[in-house]
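S.K.: Below are the sequence and a predicted model for it; my questions follow.
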Amino acid sequence: MRMRHWICAAALSSGLLIGGVAAFSAYATSVEIEDAKKQVSALEKEKKKVESTLSQLEGLKADTAAYVKKLDGSLSSLAEELEQLGNRIALKEEEIDQAQIQLESAKREEEHQYDSMKLRIKYMYENGQNNLLDMVMESGSISELLNRAEYVSQIAEYDRKMLTAYASAKEQVAAREQNLEKEHGELLVLQESTQAKQASMQKLMDSKQKELDSYNSKIAMAQDELDQHNADIKAQEEQMRRIEAEMKRREEEARKKAEAAGKTYTVSNLGNISFKWPCPSSSRITSNFGDRESPTEGASSNHKGIDISASTGADIIAAADGEVVISTYSYSAGNYIMLDHGGGVSTVYMHCSKLLVGVGEKVTKGQVIAKVGSTGYSTGSHLHFGIRSGGTYVNPRSYVSP
C-alpha cells in the first residue's frame, strides 16, 4: 500500500510539473527534486529490505528443498524395504503352505502306519494260539522255529519304529509350521510398522512440499516487488533528471530575459522584506534550522526550516505578500504551499491538513492560507516553515519571530 502511495505521489507531482511549468518558480522545482531524492532514498531502503527478505527466502527454500530430497530418499528406501518385506512374507507364506502339506502327509502316514499295526496286532491276538502251534508243527527244526519267531518279533519292532518315526516327523513338521507362523507374524508386524512410518514420512513430505511451494510463491512475490522497486527508482531518477533540466532551462530563460531587458537578474535583500510569524496560535519551536537527528525514517537530517508545534486545524498565515506557486501534495512534505515574494525569495509551509489557496492566487501578509496538520513525513501535528533566497534555504529565525 505504501508503495502505491509513493507511485501515486510521484505521478501527481510529475503531472503537476509538466502541466503547470509556467506557474512554478525555479524554487518549486528545487523542492520537487529534493522530494524525489527522498523518495529514491526511501525506495533504496525498501529495496534492500526486499533483497534481504528474498535472500532469506532463497535460503529457506534451499534448506527445505534439501530436506525434501532427503525425505524422498528415505521414502524410496522405505518403499524398497516394504517391497522386500512383501517378498519375504510371500515366501514365508509359501513355506507355511508347504509345511502344512508336509504336516498333513505326516499325519496320514502316521495314521496309516497306526492302522496297519492295529490290524496286525488284532490278527495276532485273534489267531495267536493257532499260529503258535502251526509255527511249532510246521518248523522243520529248532533253528527254523527260532527264525520264524524272530521274524514275528522283527515285524512288531518295525511297526513300533515306524510309528515312532512318523510321530516324530509329524511333531517336527508341526513345530516348523509353528515357527513359520511366528516368523510370518513378526514380518507382518514389521510390515505394518514400516507402512506406518512410510505414511508418517509421506505426510511430512507433503507438508514440506507445500512449504516449498509457499516459498516459491513468496519468492515470486518478493521478486515482483523488487522489480517494482527498481522500476520506481528508475522513474524517480528520471523525474529528477527532468526537474534538473527544467531548473537549468528556467535559469537560462531568466538570464536571457534579463539580458534582453538590459538588466541584471538579482536576488532581493531579505532584510527589505518584513515577515510575519506564520502560526499565530503557537510559538513553540520543536526543531530548529540546520543539522539534526532525523525524527522519523525518510525525514531529512539537514533541516531546511523550523518546525512549529501546533494543534491540527490551527491557522497558517502568509508570512509576506506574494503569489502561490505551489499548492499540492508531496511524498515527504505532505500538503504544502510555496509563496513567491519576488526577487528570488520564497517561503514554504509544509505538512498542512488543509490547503486554502491555489496556484496563481495573490495573497497578502497575514492571510490564512492553510491549516496545521501532520501529512507526509511527520511525527505529529506541526508546521514546517522555510525561507529560500536565491535558491538557498536560510534560517527563518534570522528574519521572523513570534
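M.R.: Here it is on my side, so go on.

S.K.: isn't Leu54 right up against His229?
M.R.: No - using C-beta atoms under 8 Å, Leu54 is not in contact with His229; the gap is 11.0 Å. Glycine gets a C-beta too; all of them are placed from N, C-alpha and C.

S.K.: which one of these two has more residues nearby?
M.R.: With neighbours defined as other C-beta atoms under 10 Å, Leu54 and His229 compare such that His229 has more, 21 against 17.

S.K.: so which helix or strand takes in the more buried one?
M.R.: According to DSSP states H and E, His229 maps onto helix 142-260.

S.K.: now do Thr286
M.R.: strand 285-287.

S.K.: related to what we said a few turns ago, pLDDT of the helix holding His229, averaged?
M.R.: Helix 142-260 shows a mean pLDDT of 75.

S.K.: Report all helices and strands that that helix contacts.
M.R.: The contact analysis (3 or more C-beta pairs under 8 Å, 6 or more residues apart in numbering; DSSP states H and E) places helix 142-260 against helix 2-19, helix 26-126, helix 128-138.

S.K.: Tell me what angle it forms with helix 26-126.
M.R.: On the basis of axes from the mean of the first three to the mean of the last three C-alpha atoms, to 10 degrees, helix 142-260 is oriented at 170 degrees to helix 26-126.

S.K.: Buried residues of stretch 392-402, list them for me.
M.R.: Residues Tyr393, Val394, Asn395, Pro396, Tyr399, Val400 are the ones in stretch 392-402 that count as buried (16 or more other C-beta atoms under 10 Å).

S.K.: for stretch 273-289, same thing?
M.R.: Using 16+ other C-beta under 10 Å as the test for burial, stretch 273-289 gives Ile273, Phe275, Trp277, Pro278, Cys279, Ser282, Ile285, Ser287, Phe289.

S.K.: Contacts for that stretch next, please.
M.R.: 295, 303-311, 314-320, 341, 345, 347, 349, 365-366, 372, 382-383, 385, 387, 393-397, 399-402 (C-beta atoms under 8 Å, 6 or more residues apart in numbering).

S.K.: Dump the C-alpha coordinates for it into CSV.
M.R.: Only the C-alpha atoms of stretch 273-289 are listed here, as CSV (Å, rounded to 0.1, in the frame of the first residue of the first chain):
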residue,chain,number,x,y,z
ILE,A,273,11.1,42.1,3.5
SER,A,274,9.0,42.3,6.6
PHE,A,275,8.0,38.7,7.6
LYS,A,276,5.1,37.8,9.9
TRP,A,277,5.1,34.7,12.2
PRO,A,278,3.3,32.1,10.1
CYS,A,279,1.5,30.3,13.0
PRO,A,280,-0.4,32.8,15.3
SER,A,281,-1.6,30.1,17.7
SER,A,282,1.8,28.8,18.7
SER,A,283,5.4,30.0,19.2
ARG,A,284,6.8,26.6,20.3
ILE,A,285,9.7,25.5,18.0
THR,A,286,10.3,21.8,18.2
SER,A,287,13.1,21.5,15.6
ASN,A,288,15.5,24.3,14.6
PHE,A,289,17.2,25.0,11.3
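
S.K.: now it, how far from the centre of its chain.
M.R.: 49 Å (C-alpha atoms, centre = their mean, to the nearest Å).

S.K.: rewinding a little: quick one: buried ones out of the contacts of stretch 273-289?
M.R.: The neighbour count (16+ other C-beta under 10 Å) marks 295, 303-310, 314-320, 341, 345, 347, 349, 366, 372, 382-383, 385, 387, 393-396, 399-400 as buried among the contacts of stretch 273-289.

S.K.: Ala193: neighbouring residues, count only.
M.R.: In this structure residue 193 is Ser, not Ala. 11.
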